[in-house]
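Visitor: for reference, the sequence and a predicted model appear below.
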Amino acid sequence: DARVTQTPRHKVTEMGQEVTMRCQPILGHNTVFWYRQTMMQGLELLAYFRNRAPLDDSGMPKDRFSAEMPDATLATLKIQPSEPRDSAVYFCASGHREDTGALYEQYFGPGTRLTVT
Amino acid sequence: KNEVEQSPQNLTAQEGEFITINCSYSVGISALHWLQQHPGGGIVSLFMLSSGKKKHGRLIATINIQEKHSSLHITASHPRDSAVYICAVRLYSGGGADGLTFGKGTHLIIQP
């Protein structure tokens, strides 16, 4: 049963600390998304990659957030320095987009619940 | 104004009732997704639609592209259907933008 995995599942940190969240997409998927969910804003897109290349990071605060895919099996989302307003659940999702551009499903990971004090 | 609006925000119903959740959007889309989020927080995709109607068990999703409207129906509702249902759209883009834009969700409670 292929699943998207995320680590850590929970993270509590102090303001100013660096936070790194990791995601392992489903094997064979070429598109990886990072989403953030807060009570106030709901779910919102932060960034996404295809074939490890960033396609859209317009939803991400550039000064403190960075997203990378060091290889096809690992996506990372880093916050440095973290702030209390970054407290949220961060979801990774993956899917496979064919060259035809046909619509495809996105499969969500369990999320990382981040609390910045 | 949000690009994706859902109604109602909260819905409490009795077991067995027919449930309808609505989603309206204001932009051109290539696809609409219905997602389910359980109290534990995990998100599961229920449907992906670009036209017409889809059915899976007791769940039915419809979309009217001209009216920019979609509905999610649950027949013979059960307490295990209690969850947040989220409408999300993939905006139409010639470049193939794939990230989702989400509604605020409908919090559904089915009482026994």
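Guide: Good, I have the coordinates.
Visitor: residues from chain A in reach of chain B?
Guide: A:31, A:33, A:35, A:42-45, A:48, A:50, A:55-56, A:59, A:89, A:91, A:95, A:97, A:101, A:103, A:105-108, A:110-111, A:113 (CB under 8 Å from any CB of the partner chain). Quick note: C-beta positions are derived from backbone N, CA and C, even for glycine.
Visitor: make it 6 Å
Guide: Neighbours of chain B within chain A, by CB under 6 Å from any CB of the partner chain: A:42-43, A:45, A:48, A:56, A:101, A:103, A:105, A:108, A:110-111.
Visitor: generate a PyMOL selection restricted to the buried entries among those residues.
Guide: Here is the PyMOL command that selects the buried residues among the residues of chain A next to chain B (16 or more other CB atoms under 10 Å in any protein chain shown):
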select buried, chain A and resi 42+43+45+48+56+103+108+110+111
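Visitor: which of the residues of chain A next to chain B fall in strands?
Guide: A:42-43, A:45, A:48, A:56, A:108 (DSSP state E).
Visitor: in the helix or strand encompassing A:A75, what's buried?
Guide: According to DSSP states H and E, A:A75 maps onto strand A:74-79. Within strand A:74-79, the residues that count as buried by 16+ other CB under 10 Å are A:75, A:77, A:79.
Visitor: could you pull out the strands for chain A?
Guide: A:5-7, A:10-13, A:19-24, A:31-38, A:42-50, A:53-56, A:65-71, A:74-79, A:88-95, A:107-108, A:112-116.
Visitor: of the ones you listed, which is nearest B:L46?
Guide: Proximity to B:L46, assessed across the strands of chain A by CB to CB, is greatest for strand A:107-108 (11.9 Å).
Visitor: give me the beta-bridge partners of the nearest residue to B:F102 once chain neighbours are set aside?
Guide: Spatial nearest neighbour of B:F102, excluding adjacent residues (CB to CB, 6 or more residues apart in numbering or on different chains): A:L43 at 4.1 Å. With DSSP bridges as the criterion, A:L43 is bridged to A:Q37.
Visitor: which residues does A:L43 contact?
Guide: With contacts taken as CB atoms under 6 Å, 6 or more residues apart in numbering or on different chains, A:L43 has the following neighbours: A:35, A:37, B:102.
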